[in-house]
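J.: Need coordinates for the below:
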Amino acid sequence: MKTIFISLLVVVVCMITSTALRGQNKPPGKFWQKLGENDSLVIESLSSLNSSRNDYSPIFLDGVLYFTSSRKDRYTDESTLQYNESIYTSYYQDSVWSQPKKHYFFNTDDYTSLAGFCSDRSKIFTYKTFGDGDLYCSLQNEKGKWFRSKRMRYVNSMFHEQSVAEAHGIMVVSSDRSGGCGQHDLYWSVADDNGQYLDFFVLDSINTYADEVDVSFSVDGKTLYFSSNVASSLGGYNLFFTQLDSTRRWSKPQELFMNTSGDDRCFMNCDSMFFCSRSGEFGDDLYWGHIIPKYKRDTSLIKKLTSLQVNLNNLSIDTLLVQNLVNFNKRPTEPLFFMSDGMPDTLKQQKLLDVYETLDSLKFEVYVSQVQVGAYYYIRSVDEFKHNFGAFDTTGIIIEKVVTQKGTLYKYLIDETFTTLQDGAVRQQEALHQQTSESNLSYYPKGRAYDAFIVVYNEKRERIIIYFNVAAGDFQVLFGDQKIKF
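T.: Numbers count the residues shown, from 1 in each chain. Model (predicted):
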């Protein structure tokens, strides 16, 4: 996202089917804050919409997703304005997002981005750098058509206004005008009898010495969401919320649970789902959270572990160190890999033997092993994992939770332990094949699949990772600080 002086808020609302999307003003049947017993919350990248540049500030209205992007529009002649922020739209129909298109009604020759919305969906606020840079408002008529945007006369000041939100006669604006605590702060106003917001007052109970930006209201107007880069356990910009009570007092801000170690901004609560932006390797990307039902799976293909081997409710390293397993650091004496004509694949077989030689050089006594197929901070359940990677739908999956500086990391392992290293190697190759299957429901980040690997432990609880892709003819062994690649 651009610097705070040009980064702006947007909001998003979206529904799982096109019918639900069109009927979004009706009370939703489910809430992501209070999941039902048979529901799971999925948070995933809108990979079909994101570009290699910054994509942020989403607003979803009547089946259309509006968002800001710094991508270059290759269909127009904009050589002097390439990568300049503009507003794009995408339609959600039959569970598919349409190809993003530039929305020429909102855009101008200057920098234009989304700055907020009204909770009743009747207004969209934009920011334009025309002149000194100001906030503008576009009204929507009963037929869903947008009127030409007008400068917000009483909201703008001689200082910089970053974003604005409105709900039920209350308006909040992020500005670096005087009277605040430092940098961009939040100011609020109550509409007069003519519906005008004339006097803005500082929100002392919310503002800090850092930046408070990206404001938006919930559908009912009782909760205000915003971003701040005030120091926190996760760092960067994080998402916060505060609530307004009947006496018009704002509650102490609290962090939202989906914050990451990067920048989390531009949150929009749609009751049954939400949207936000997150910083990534190539810029900011759009994300959405939505509810999915838990799967009713065919469990006949799932191999269950005995109670002696693992406690599914409290998986830990201790439960992996199972007694009475045969030491399986033994050489395979018969071919394990074959070519399409049925002949042994000697190259792959030799690679497997090389793994054993490497283990011997490390003097690592293998005790128990599993195959890991994923590790994520914000895929927090098996149902979410299988929703994203449908090829594993009938595969038994268990979770190992590890606390890191970034938060809790959820590791997903195939629900099997192996008594020979070659069995683990064969299952790892099957997992690689599953990961590249077209049946997966979502794309891997930046088009790169997570590589399945074998996790091995010895009796001292030391951990070693063995990754090898026999098709590519290479493998890696990671043990402590050592990384050996062949």
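
J.: Show me where the stretch 351-486 of the chain has its helices.
T.: Under the criterion DSSP state H, counting those that start in this stretch, helices of the stretch 351-486 of the chain are mapped to 382-388, 421-435.

J.: which of the ones you listed has the lowest average pLDDT?
T.: Among the helices of the stretch 351-486 of the chain, helix 421-435 carries the lowest mean pLDDT, a mean of 76.

J.: pretty sure S174 is touching N207, no?
T.: No. Counting by CB atoms under 8 Å, S174 does not reach N207; the two are 9.9 Å apart. In short, each C-beta sits where N, CA and C put it, glycine included.

J.: Tell me the residues that contact both of these two, please.
T.: Taking CB atoms under 8 Å, 6 or more residues apart in numbering as the contact criterion, the common neighbours of S174 and N207 are D185, L186.

J.: residues in contact with the residue nearest to F453 when sequence neighbours are not counted?
T.: Spatially, and ignoring its direct neighbours in sequence, F453 is nearest to Y467 (3.8 Å; CB to CB, 6 or more residues apart in numbering). When the contact criterion is CB under 8 Å, 6+ apart, the partners of Y467 are Q428, D451, A452, F453, I454, F475, Q476, V477, L478.

J.: distance of the residue nearest to the last one when sequence neighbours are not counted from A231?
T.: Just to be clear, that refers to L478. Using CB to CB, 6+ apart and skipping the chain neighbours, the partner closest in space to L478 is I465 (4.3 Å). To A231, I465 is 34 Å away according to CB to CB, to the nearest Å.

J.: Those two: which is more packed in?
T.: Using other CB atoms under 10 Å as the criterion, I465 and A231 rank with I465 on top: 14 against 11.

J.: Can you show me the helices along this structure?
T.: Here the chain has its helices, by DSSP state H, at 18-22, 317-320, 346-362, 382-388, 421-435.

J.: List the buried residues of the fourth one.
T.: For helix 382-388, the neighbour count (16 or more other CB atoms under 10 Å) marks V382, D383, E384, F385, K386, H387, N388 as buried.

J.: domain assignment for this protein?
T.: Domain ranges of the chain: 18-293, 299-485, per automatic domain parsing.

J.: Among these, show me which one is buried the most.
T.: Ranked by average neighbour count under the criterion mean count of other CB atoms under 10 Å, the domains of the chain are headed by domain 18-293 at a mean of 18.

J.: average pLDDT across it?
T.: 84.

J.: Centre of the chain to it, how far?
T.: 16 Å (CA atoms, centre = their mean, to the nearest Å).

J.: Name the nearest residue to G36, ignoring sequence neighbours.
T.: Spatial nearest neighbour of G36, chain neighbours left out: K30 (6.5 Å); criterion: CB to CB, 6+ apart.

J.: before we move on, back to that, the residue nearest to F453 and S178: what is the separation?
T.: Using CB to CB, we find Y467 at a distance of 57 Å from S178.

J.: S246 now?
T.: For S246, the distance to S178 - CB to CB - is 31 Å.

J.: H160 too?
T.: Per CB to CB, H160 is found 12 Å from S178.

J.: what do you get for F130?
T.: 24 Å.

J.: ok, F392 touching D383?
T.: No. In this structure, F392 is not within contact of D383 by CB under 8 Å, at 11.4 Å.

J.: The longest strand anywhere in the chain pairs with which strands?
T.: The strand spanning the most residues in the chain, taking DSSP state E as the definition, is strand 283-293. Note on strand 283-293: by DSSP bridges, its sheet partners are strand 39-45 (antiparallel), strand 273-280 (antiparallel).

J.: got these as a markdown table, with distance to F217 columns?
T.: A markdown table is the format used below for the strands paired with strand 283-293 (distance: least, CB to CB, whole Å):
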| stretch | distance to F217 |
| --- | --- |
| strand 39-45 | 21 |
| strand 273-280 | 13 |
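
J.: Of all these, which one is nearest I59?
T.: Closest of these to I59 is strand 273-280, at 8.5 Å (criterion: CB to CB).

J.: Now do stretch 209-225: distance from first to last residue.
T.: 18 Å (CA to CA, to the nearest Å).

J.: just stretch 432-452 next, same as before
T.: OK, stretch 432-452 end separation, CA to CA: 6 Å.

J.: cool, stretch 45-57 as well?
T.: End-to-end for stretch 45-57, by CA to CA: 14 Å.

J.: Could you do stretch 157-169 as well?
T.: Stretch 157-169 stretches 20 Å from its first residue to its last (CA to CA).

J.: if we look at that stretch, which residues are touching it?
T.: 4-5, 7-9, 115-120, 123, 125, 127, 133-135, 152, 155, 171-178, 184, 190-191, 195, 213-218, 221, 224.

J.: go on, stretch 178-193?
T.: With CB under 8 Å, 6+ apart as the test, stretch 178-193 has contacts from 4, 159-160, 162, 169-177, 197-204, 206-213, 215, 226.

J.: Using PDB, write out every CA atom in that stretch.
T.: Only the C-alpha atoms of stretch 178-193 are listed here, as PDB (Å, rounded to 0.1, in the frame of the first residue of the first chain):
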ATOM      1  CA  SER A 178      -4.500  19.700  14.800                       C
ATOM      2  CA  GLY A 179      -5.800  18.700  18.200                       C
ATOM      3  CA  GLY A 180      -5.100  15.000  18.100                       C
ATOM      4  CA  CYS A 181      -2.600  12.800  19.800                       C
ATOM      5  CA  GLY A 182      -0.100  12.600  16.900                       C
ATOM      6  CA  GLN A 183       0.000  11.700  13.200                       C
ATOM      7  CA  HIS A 184      -3.500  10.600  11.800                       C
ATOM      8  CA  ASP A 185      -6.200  10.400  14.500                       C
ATOM      9  CA  LEU A 186      -9.900   9.700  14.500                       C
ATOM     10  CA  TYR A 187     -12.500  12.500  14.800                       C
ATOM     11  CA  TRP A 188     -16.300  12.100  15.000                       C
ATOM     12  CA  SER A 189     -19.400  14.200  14.400                       C
ATOM     13  CA  VAL A 190     -23.100  13.900  14.900                       C
ATOM     14  CA  ALA A 191     -25.400  15.100  12.000                       C
ATOM     15  CA  ASP A 192     -27.500  18.200  12.600                       C
ATOM     16  CA  ASP A 193     -31.200  18.600  11.700                       C
END
